[in-house]
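Visitor: how would this look folded up:
(one chain, ligands or ions: 1)
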Amino acid sequence: MIESLVIVSILTILSIRLKVLDMYGGITAAIIGMIVYQTVGRLGILSLCIFLLVSGLATRVGYEYKKSIGVIESKSGIRGFRNVIGNGLVAAIISIIYSINYEHSGIFLAGFLGSVSAVFADTLATEIGLLYKGKPRLIIGLKKTMPGTPGGVTTYGYAGALSSSLILIIALTPFLINNNLLGMKKAALIILLSGIGGTTIDSIAGQLLQATYKCIICGITTEYPFHCGEKCEKIKGNSYVNNHLVNIICSAAGVAIGMIGYEIF
Ligand SMILES: [Zn+2]
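Guide: Next up is the predicted model:
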């Protein structure tokens, strides 16, 4: 308990200081971090830590370019509590289920890894994908679309998703190599599959359900209802389905892929 309190406190202060998270985002992440530390342990907190650190770095890569095409999330790329909930709620829930189900703990650990891998891959896919100078293609139908449109995919994005899985596998190797619940090969396959699969499902859900807006001032296409200080015009999708809800769908998809992967591999 003391170890987790100390480490989670340090991580929270660092995330806020380095402007990865705002204050409420930091507090929400600390609560999720404590739950995961107490249930999944060091393997769990390390997964979240890698996700937070690498995502924070990826947001800063090409920041000026992303800003110039108008695709930066509000508040200069700093993530708030809605973002933390969207990315971490499902992981926290599955980690609690993992800790109370002794008999089936392997499959729930697979679900936990799947959920973290999915949101990590999706975040890197977005941040790296936005650096692509051409037009992304919609995942269904492959029609060219504007950068920032929900459902738009690029090869850069998929390269980002793939690298997130590889980073996670390498970072977790010390904990996975002798893990009697999963084993290295099984865990690696689960991380890879849920990363690529979760990102793909996120894009499909984004294209089919998520609200897409057009800024009335600068004319860009965006997933955010406000731009240039004004309320945007809605082009399509459901106003209730925003990026955070699609993130929850993505992490839930990661859990499902992780658990199916556990049974297959
Ligand atoms: Zn605008």
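
Visitor: so is the residue nearest to the spatial centre of the chain in a helix, a strand, or just coil?
Guide: Residue closest to the mean C-alpha point of the chain, counted by CA atoms, centre = their mean, is Val119 at 2.4 Å. What DSSP: H, G, I helix; E, B strand; the rest coil gives for Val119 is helix.

Visitor: doesn't Ile50 make contact with it?
Guide: No: using CB atoms under 8 Å, Val119 is not in contact with Ile50; the gap is 11.8 Å. For the C-beta atoms, the positions are set from N, CA and C on the backbone; glycine is no exception.

Visitor: related to what we said a few turns ago, and for the closest residue to the residue nearest to the centre of the chain other than its chain neighbours, the neighbour number?
Guide: Spatial nearest neighbour of Val119, chain neighbours left out: Asn87 (4.4 Å); criterion: CB to CB, 6 or more residues apart in numbering. When neighbours are defined as other CB atoms under 10 Å, Asn87 has 28 of them.

Visitor: likewise Asn178?
Guide: Neighbours of Asn178 under the rule other CB under 10 Å: 8.

Visitor: One more: Ile78?
Guide: Ile78 - counted by other CB under 10 Å - has 19 other residues nearby.

Visitor: Surely it touches Gly25?
Guide: Yes: counting by CB under 8 Å, Ile78 does reach Gly25; the two are 7.5 Å apart.

Visitor: Mind giving me the packing neighbours of the helix or strand His244 falls within?
Guide: For His244, the host element (DSSP states H and E) is helix 243-264. Packing partners of helix 243-264 (3 or more CB pairs under 8 Å, 6 or more residues apart in numbering; DSSP states H and E): helix 81-100, helix 105-129, helix 184-209.

Visitor: and these, which is most packed in?
Guide: Highest mean neighbour count of these: helix 105-129, a mean of 28 (counted as mean count of other CB atoms under 10 Å).

Visitor: could you give the mean pLDDT of that one?
Guide: Helix 105-129 shows a mean pLDDT of 97.

Visitor: Which neighbouring elements make contact with it?
Guide: helix 42-60, helix 81-100, strand 152-153, helix 155-176, helix 184-209, helix 243-264.

Visitor: Specify the stretch among these that is closest to Pro136.
Guide: strand 152-153 (3.4 Å; CB to CB).

Visitor: Tell me who's in contact with the residue in the stretch 1-150 of the chain that the ion sits nearest to.
Guide: Nearest residue of the stretch 1-150 of the chain to the ion: Gly70, at 5.8 Å (CB to the ion). Applying CB atoms under 8 Å, 6 or more residues apart in numbering to Gly70 gives the contacts 148, 215, 218, 220, 222, 227.
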